[in-house]
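In: sequence and predicted model, in that order:
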Amino acid sequence: MFILMVVIFVLGYAAIALEHPLKIDKTASALILGTLVWVVYMLGAEGILHLGYSPSWEAFLLSHPDSHGLHAIHEFIVEQEIIHHLGEISEILFFLLGAMTIVEVVDQHDGFKIITDKIKTTKKVKLLWILSILTFFMSALLDNLTTTIVMVALIRKLIDDKETRWFFASIVVIAANAGGAWSPIGDVTTIMLWIGGQVTALRIIEGVIVPSLAAIIVPLVILTFTMKGNVQRPKIEKNEIEYTTQKERILFLIIGVGGLLFVPVFKTVFHLPPYMGMLFSLGVIWVVGEIVHKDKPYEIKEKLKVVAILRKVDVPTVLFFLGILSAVAALQSAGHLSIMSQYLDEKLGNIYLIDLAIGVLSSIVDNVPLVAGAMGMYPITEVGATGYDVFFVQDGLFWEFLAYTAGTGGSILIIGSAAGVAAMGLEKIDFIWYMKKISWLAIAGYLAGAAVYYLMFGM
């Protein structure tokens, strides 16, 4: 059963990757995968847990010394593990739902038109540089997931051709992940390392910003010499009705972007999960919309009210997240990811190779449990440690490089990061297309940034 869980995960992953040839929506495959892995885990729980690979099961037995037999196993899986992981997944889903709704509200009020009207160029290379650098720094302020949602909305206003839009959205994913890696609030994994005490805010910025820049600059330089031509702007209907005034567009752009920027502030000040800040921001923009549109004709209110806009939010993307993260959670609970972490430690034995391997694996398996596994395997050593332990002090090279690799490695596959999954869902980007067109660029940037980090600190 332990091996069957991996087999089902691989088959489910293949079904997601082959969405277009199979003509089965990836969300359906992800939901079946997320359920089946837990079913197999439950059916073979006694044998799987007695193998001794699950750290969470060992912790459960220590905290519940009187629990034993099938009742203890049922309590562990159903009442502890599923509830625990569902809580973590729900935080991401509500965050995503709130961010997507805010972006849709701004878009419906033509708020992004203010920005797109300022971007006059139609040259592919110049536009790609502008959007990528903008994404890189926005991602550090917001986070890679929110930034990707915002930038995809912008790209839709700037590019008409579907495949060109796919290409730009994919490069935005690389830029968003690179931008999130060097900021303590830019990516879930850097947030984990920051809150866990492995890194401090100033040091992570100082140590990782230059390698992260290399991770996006290198693909952009390659494309500067290989990409030609202009983008085709979406056609604007001459008789298109404008439902909002210029003042309303500015108002909703400011409230929307301000609400997104407020989320990391909310988390820092109140020490509550980011999704709460996102839902608060959504509530504020919702109230403002109700007040601004209360005296308008019914047909305009129906188009601009948040209740109507919610119907346009891409729910399949949210469900896709639920399925894939549920499957990974089962592998984490059963101990598969623990085995993977130990294997890397034993076979590689070099902090740079271990971190590089974790980065590559994060393109296949969610980077959150991988980083969590690394944090569990390696305790923070005291300042003044010697030998191999020196890499694991607070702000040690292992933790800094882990922030870089786990943050940027997910760009190698479209499904390897929250930003990639969001872009995939919003633009219906094909998994195989991304592998052919984008993965090699992401790998080039990933290795370039790693080389820069090694030259800066490893020598």
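Out: Good, I have the coordinates. Residues are numbered from 1 along each chain as shown.
In: which parts of the stretch 351-459 of the chain are helices?
Out: With DSSP state H, counting those that start in this stretch as the criterion, the stretch 351-459 of the chain has helices at 351-361, 367-377, 397-408, 418-427, 431-437, 439-453.
In: give me the nearest residue to S326, chain neighbours excluded.
Out: Residue nearest to S326 in three dimensions, not counting chain neighbours: G34, with 3.3 Å by C-beta to C-beta, 6 or more residues apart in numbering. In this view, the C-beta of every residue, glycine as well, is placed from N, C-alpha and C.
In: before we move on, the earlier item: would you mind putting the helices of the stretch 351-459 of the chain into TSV with mean pLDDT, mean neighbour count and distance to V40 alongside?
Out: Written out in TSV, the entries for those read as follows (pLDDT from 0 to 100; neighbours: other C-beta atoms under 10 Å; distance: least, C-beta to C-beta, whole Å):
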stretch	mean pLDDT	mean neighbour count	distance to V40
helix 351-361	87	21	22
helix 367-377	69	22	18
helix 397-408	90	28	28
helix 418-427	84	26	24
helix 431-437	90	16	24
helix 439-453	94	21	30
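In: secondary structure element for the residue nearest to S326?
Out: Take DSSP states H and E as the rule and G34 turns out to sit in helix 26-43.
In: report the next helix or strand after that helix in sequence order.
Out: Going down the chain from helix 26-43, the next helix or strand is helix 45-49, by DSSP H and E.
In: against which helices or strands is that next one packed?
Out: Helices and strands touching helix 45-49, by 3 or more C-beta pairs under 8 Å, 6 or more residues apart in numbering; DSSP states H and E, are helix 2-17, helix 69-74.
In: give me that answer again for 10 Å
Out: Applying 3 or more C-beta pairs under 10 Å, 6 or more residues apart in numbering; DSSP states H and E, one finds that helix 45-49 contacts helix 2-17, helix 26-43, helix 55-63, helix 69-74, helix 315-334.
In: if we can go back for a sec, and the helices of the stretch 351-459 of the chain: which comes nearest E206?
Out: helix 397-408 (9.1 Å; C-beta to C-beta).
In: please save the CA atoms from that closest one in PDB.
Out: Listed next in PDB are the C-alpha coordinates belonging to helix 397-408 (Å, rounded to 0.1, in the frame of the first residue of the first chain):
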ATOM      1  CA  LEU A 397      24.200  29.300   4.100                       C
ATOM      2  CA  PHE A 398      22.000  26.200   4.100                       C
ATOM      3  CA  TRP A 399      18.900  28.200   5.000                       C
ATOM      4  CA  GLU A 400      19.600  31.100   2.700                       C
ATOM      5  CA  PHE A 401      20.300  28.800  -0.300                       C
ATOM      6  CA  LEU A 402      17.200  26.700   0.600                       C
ATOM      7  CA  ALA A 403      15.100  29.900   0.400                       C
ATOM      8  CA  TYR A 404      16.500  30.500  -3.100                       C
ATOM      9  CA  THR A 405      16.200  27.000  -4.500                       C
ATOM     10  CA  ALA A 406      12.800  26.200  -3.000                       C
ATOM     11  CA  GLY A 407      11.400  29.500  -4.200                       C
ATOM     12  CA  THR A 408      12.700  29.400  -7.800                       C
END
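In: pLDDT weak spots in the stretch 51-200 of the chain?
Out: By pLDDT under 70, the low-scoring segments of the stretch 51-200 of the chain are 67, 195-196.
In: so which residues of it form helices?
Out: 55-63, 69-74, 82-108, 113-116, 124-141, 144-158, 162-181, 188-196.
In: and the ones you listed, which is most packed in?
Out: helix 162-181 (a mean of 27; mean count of other C-beta atoms under 10 Å).
In: ok and that one relative to helix 397-408, angle-wise?
Out: Counting by axes from the mean of the first three to the mean of the last three C-alpha atoms, to 10 degrees, helix 162-181 lies at 160 degrees to helix 397-408.
In: which elements pack onto helix 162-181?
Out: Counting contacts by 3+ C-beta pairs under 10 Å, 6+ apart, helix 162-181 packs against helix 124-141, helix 144-158, helix 188-196, helix 201-226, helix 397-408, helix 418-427, helix 431-437, helix 439-453.
In: how distant is that helix from the center of its chain?
Out: Offset of helix 162-181 from its chain centre (C-alpha atoms, centre = their mean, to the nearest Å): 12 Å.
In: and that helix with helix 201-226, angle?
Out: Using the same axes, to 10 degrees: helix 162-181 against helix 201-226 is 150 degrees.
In: with just CA atoms, put helix 162-181 into PDB.
Out: Provided in PDB are the C-alpha atoms of helix 162-181 (Å, rounded to 0.1, in the frame of the first residue of the first chain):
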ATOM      1  CA  LYS A 162      -3.400  33.000 -26.900                       C
ATOM      2  CA  GLU A 163       0.000  31.400 -27.300                       C
ATOM      3  CA  THR A 164       1.800  34.700 -26.900                       C
ATOM      4  CA  ARG A 165      -0.200  35.300 -23.800                       C
ATOM      5  CA  TRP A 166       0.700  31.900 -22.500                       C
ATOM      6  CA  PHE A 167       4.400  32.700 -23.100                       C
ATOM      7  CA  PHE A 168       4.300  36.000 -21.200                       C
ATOM      8  CA  ALA A 169       2.300  34.500 -18.300                       C
ATOM      9  CA  SER A 170       4.800  31.700 -18.000                       C
ATOM     10  CA  ILE A 171       7.700  34.200 -17.800                       C
ATOM     11  CA  VAL A 172       5.700  36.100 -15.300                       C
ATOM     12  CA  VAL A 173       5.600  32.800 -13.200                       C
ATOM     13  CA  ILE A 174       9.500  32.600 -13.300                       C
ATOM     14  CA  ALA A 175       9.700  36.300 -12.400                       C
ATOM     15  CA  ALA A 176       7.200  36.000  -9.500                       C
ATOM     16  CA  ASN A 177       8.900  33.000  -8.000                       C
ATOM     17  CA  ALA A 178      12.300  34.700  -8.300                       C
ATOM     18  CA  GLY A 179      10.900  37.900  -6.700                       C
ATOM     19  CA  GLY A 180       9.300  35.900  -3.900                       C
ATOM     20  CA  ALA A 181      12.500  34.000  -3.000                       C
END
